[in-house]
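Participant: A structural model of the following input is requested.
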Amino acid sequence: MRQRSPQEKKQLSYLKDRRNDYGENQKSSRKNIPRSRRARHHALRRGEQLALQRLREFSGALDDSEVRFARPRTGQWRKFADAPLGEVVAYRLKRRADLGIDASPRNQARLERVRRHRARRS
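Facilitator: Predicted coordinates:
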């Protein structure tokens, strides 16, 4: 494996590294993802039990497929991928300039550098 230049490393970092852009604390994401999965599976199991109970009231013998088709789909939750680091950095720099926090020419130069690194896809 050949040695990469610092510029190549920076470009790969902007393309491949990911950041949570949902706006939550990192710790809360680590806790809420398993919690949401648990809640969804709990709701599905509960819906299955209710469907099974209803089917038992109306008919005698059941097989597993009847229960699966009779249960309602509840607990719709999905996990979303984090954003690439280059997009997050560019968004933050642009936002700073738009809000007047850092409207200096240096900020514009940084933004151009980030865009240039993101554009060079090998």
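Participant: Run a quick neighbour tally on residue 86.
Facilitator: 21 (other CB atoms under 10 Å). Quick note: C-beta positions are derived from backbone N, CA and C, even for glycine.
Participant: any idea which element it lies in?
Facilitator: Residue 86 is part of helix 85-99, with elements assigned from DSSP states H and E.
Participant: just checking, what packs against that helix?
Facilitator: Applying 3 or more CB pairs under 8 Å, 6 or more residues apart in numbering; DSSP states H and E, one finds that helix 85-99 makes contact with helix 6-16, strand 18-19, helix 105-119.
Participant: Dump the ones you listed to a markdown table, plus distance to residue 95, mean pLDDT and mean neighbour count.
Facilitator: As requested, those are exported to a markdown table (distance: least, CB to CB, whole Å; pLDDT from 0 to 100; neighbours: other CB atoms under 10 Å):
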| stretch | distance to residue 95 | mean pLDDT | mean neighbour count |
| --- | --- | --- | --- |
| helix 6-16 | 17 | 89 | 14 |
| strand 18-19 | 14 | 89 | 14 |
| helix 105-119 | 11 | 83 | 14 |
